[in-house]
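Colleague: what follows is a protein structure lacking sequence information:
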């Protein structure tokens, strides 16, 4: 059976117009060796049952097509004037690493050139795949409308795409405002059988995404759903991510059926810069080997750590785009209610044993947030990181890392006399020390409003509170670690979440 694996992409004014992300020009020759049109061999070889890889294209105005492995031309095909549809095989059996791509040489006699098509896979056995799209939003009506239009017009109504019948949308409305947004309501009428808008308690990203997971699990049998993809409401979608996701999952090997499909994130302000293609977490620190990598350059788009499979058990994916099997997301394996920040990290680390893969083109563009001041999000960064440490290490190790992680972050802010940040750092640790049961008893929206009101105006008070919280952490951390490690699993189940969300 033939499966669409990747669409041949070109610059698109509604998505991205950076030509070098798609192809490069070498004189008259058009080299489709841009980031979005490369085919990562090692990952498809390791995780899938592909038997053949083909290029299925329609062309006009070209005289020659060349196939490449890395920088070596491995085949040349003369194109006929009278023929416009071609199916060409890559030497799939010959290579195990690197990238495939192709180039086209224009026919000088033709004034206009056209190309469309796919990388196609041939596989005898194809798995059933149906995906629920879980989008969490809070008062971002215009963003939701923009992405819904991309999803529906580019994917759902494009019957040429095999994935078009395999997607269902679940928009979790934490702000409960979408019902009153008329442009969206008019648009939804045409897609009400495939797209659901679900009002939800404002329990942050963690609560919104988990509500979406619960809805997908509820519909699992009726719609024969196999996976759920989590997506931010304000990310700009590359619609072909659904083609690539579906194609990969259809041909994945049985031993990798529950592998996580991570999403790469590019910067919305500089769309040629890769912000993340998987990150690592250790002792409370996030490391990103690819931050601000210019993937217009072929050498960067084919970097070893982007095309290798060696990192499959060390990386996690942010929830700007991340696809999980419903064998992983279950009624007894749901996120922790961290409101925002680190909910994706904790869940990703918890399920790391399933492996993760990042494919070029399973991508979104997102607002760049690294240069923004931390604000009250620092509270969540501190509190949630401390919780993660208790979940990732044994008690003795967690005890050591808790202390080293916290005092350094507090000390820097005290030394710089950043009163707001000192307050949030102290409150984050203070609430962490209240234990797992306290976390689950909170009204998350009221807590969020409360921590945004900064205290500790007096520098003497800030110093005193800093000393107090450090002493409390030193004295009680062993007991608190035991609490989180013993009790947290009670709250990552459907019954607990239904109560937490007031369903």
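Modeller: Received it, and whenever you're ready, just let me know what you need. Note that this is a predicted model, so its numbers are computed, not measured.
Colleague: in this protein, where is pLDDT below threshold?
Modeller: In the predicted model of the chain, residues 371-373, 456-457 satisfy pLDDT under 70.
Colleague: quick check: bridge partners of the residue positioned nearest the centre of it?
Modeller: Central residue of the chain (CA atoms, centre = their mean): residue 321, 2.4 Å from the mean position. Beta bridges link residue 321 to residue 231, judged by DSSP bridges.
Colleague: longest helix anywhere in this protein?
Modeller: The residue-count maximum for a helix in the chain (DSSP state H) belongs to helix 459-487.
Colleague: which parts of it are buried?
Modeller: By neighbour count with 16 or more other CB atoms under 10 Å, helix 459-487 contains the buried residues 462, 465, 466, 469, 470, 473, 477, 480, 481, 483, 484, 485. Backbone N, C-alpha and C define where each C-beta goes, glycine included.
Colleague: pipe these into a markdown table and attach distance to residue 147 per row.
Modeller: As requested, these are exported to a markdown table (distance: CB to CB, whole Å):
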| residue | distance to residue 147 |
| --- | --- |
| 462 | 43 |
| 465 | 43 |
| 466 | 43 |
| 469 | 41 |
| 470 | 44 |
| 473 | 42 |
| 477 | 43 |
| 480 | 40 |
| 481 | 41 |
| 483 | 40 |
| 484 | 36 |
| 485 | 39 |
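Colleague: show me how this structure divides into domains.
Modeller: Following the assignment in automatic domain parsing, the chain carries domains at 2-122, 131-366, 377-501.
Colleague: which of the ones you listed is buried the deepest?
Modeller: Highest mean neighbour count of those: domain 131-366, a mean of 20 (counted as mean count of other CB atoms under 10 Å).
Colleague: phi, psi for the residue nearest to residue 337 when sequence neighbours are not counted please.
Modeller: Using CB to CB, 6 or more residues apart in numbering and skipping residues adjacent in sequence, the residue nearest residue 337 is residue 206, 5.3 Å away. Dihedral pair for residue 206: phi -60, psi -50, per degrees, to the nearest 10.
Colleague: just residue 160 next, same as before
Modeller: The phi/psi pair for residue 160 (degrees, to the nearest 10) is phi -70, psi -20.
Colleague: off-centre distance for stretch 356-363?
Modeller: 9 Å (CA atoms, centre = their mean, to the nearest Å).
Colleague: hmm, who's touching it?
Modeller: With contact meaning CB atoms under 8 Å, 6 or more residues apart in numbering, stretch 356-363 is reached by 6, 9, 35-36, 38, 40, 43, 47, 238, 240-241, 244-245, 248, 259-266, 277-278, 301, 306, 309, 312-313, 315-317, 321, 323, 348.
Colleague: narrow those residues to those in strands?
Modeller: 6, 40, 260, 261, 262, 263, 264, 265, 266, 321, 323 (DSSP state E).
Colleague: could I get these as CSV with distance to residue 176?
Modeller: Listed next are these as CSV, based on distance: CB to CB, whole Å:
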residue, distance to residue 176
6, 38
40, 42
260, 31
261, 31
262, 30
263, 27
264, 32
265, 28
266, 31
321, 25
323, 27
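Colleague: from the residues you listed, pick the one nearest residue 77.
Modeller: The closest of the ones in strands among the contacts of stretch 356-363 to residue 77 turns out to be residue 6 (CB to CB; 19.2 Å).
Colleague: leaving out chain neighbours, which residue sits closest to that closest one?
Modeller: residue 119 (4.2 Å).
Colleague: mind checking how far the one you found is from residue 323?
Modeller: Using CB to CB, to the nearest Å, we find residue 119 at a distance of 19 Å from residue 323.
Colleague: repeat for residue 459
Modeller: 49 Å.
Colleague: one more: residue 367?
Modeller: 22 Å.
Colleague: please apply the same query to residue 350.
Modeller: 16 Å.
Colleague: okay, now the sheet partners of the biggest strand by length in the chain, with direction.
Modeller: In the chain, with assignment by DSSP E, the single longest strand is strand 356-366. Here strand 356-366 has these sheet partners by DSSP bridges: strand 236-237 (antiparallel), strand 260-267 (parallel).
Colleague: can I get the ones you listed in a markdown table including distance to residue 192?
Modeller: Compiled in a markdown table, the strands paired with strand 356-366 are given as follows (distance: least, CB to CB, whole Å):
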| stretch | distance to residue 192 |
| --- | --- |
| strand 236-237 | 21 |
| strand 260-267 | 27 |
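Colleague: nearest to residue 494 among the ones you listed would be which one?
Modeller: strand 260-267 (20.7 Å).
Colleague: helices of the stretch 351-500 of the chain, start to end?
Modeller: All helices of the stretch 351-500 of the chain, identified by DSSP state H, counting those that start in this stretch, fall at 377-392, 395-415, 419-432, 436-441, 444-451, 459-487, 494-501.
Colleague: quick one: which of those helices is nearest residue 224?
Modeller: helix 494-501 (20.1 Å).
Colleague: hmm, who's touching the closest one?
Modeller: So helix 494-501 is contacted by 200-201, 203, 207, 210-211, 214, 217, 331-332, 334, 337, 440, 490-491 (CB under 8 Å, 6+ apart).
Colleague: how far away is residue 365 from residue 141?
Modeller: Using CB to CB, we find residue 365 at a distance of 19 Å from residue 141.
Colleague: got the angle for the longest helix of the chain vs helix 377-392?
Modeller: 30 degrees (axes from the mean of the first three to the mean of the last three CA atoms, to 10 degrees).
Colleague: name the helices or strands packed onto helix 459-487?
Modeller: When contacts are defined as 3 or more CB pairs under 8 Å, 6 or more residues apart in numbering; DSSP states H and E, helix 459-487 sits against helix 377-392, helix 395-415, helix 419-432, helix 436-441.
Colleague: make CSV out of the ones you listed and add distance to residue 97.
Modeller: What follows is those, written out as CSV (distance: least, CB to CB, whole Å):
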stretch, distance to residue 97
helix 377-392, 32
helix 395-415, 36
helix 419-432, 44
helix 436-441, 45
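Colleague: from the ones in strands among the contacts of stretch 356-363, which is closest to residue 137?
Modeller: Using CB to CB, the ones in strands among the contacts of stretch 356-363 come closest to residue 137 at residue 321, 14.8 Å.
Colleague: coming back round to it: so the residue nearest to the centre of the chain is in contact with residue 228, correct?
Modeller: No: look at residue 321 against residue 228 with CB atoms under 8 Å: they stay out of range, at 11.9 Å.
Colleague: what helix or strand is residue 191 on?
Modeller: Applying DSSP states H and E as the criterion places residue 191 outside every helix and strand.
Colleague: contacting residues for the residue nearest to residue 437 when sequence neighbours are not counted?
Modeller: Leaving aside its sequence neighbours, residue 437 sits nearest to residue 487 (CB to CB, 6+ apart; 6.9 Å). Residue 487 sits next to 435, 436, 437 when contact means CB under 8 Å, 6+ apart.
Colleague: try 10 Å
Modeller: 435, 436, 437, 439, 440 (CB atoms under 10 Å, 6 or more residues apart in numbering).
Colleague: what sits against the first one?
Modeller: Applying CB under 10 Å, 6+ apart to residue 435 gives the contacts 476, 479, 480, 482, 483, 484, 487, 488.
Colleague: nearest to residue 65, of those?
Modeller: Using CB to CB, the contacts of residue 435 come closest to residue 65 at residue 488, 55.8 Å.
Colleague: so how far is residue 336 from the residue nearest to that closest one when sequence neighbours are not counted?
Modeller: Sequence neighbours aside, residue 436 is the residue nearest to residue 488 in space, at 5.3 Å (criterion: CB to CB, 6+ apart). Look at residue 436 and residue 336: by CB to CB, they are 9 Å apart.
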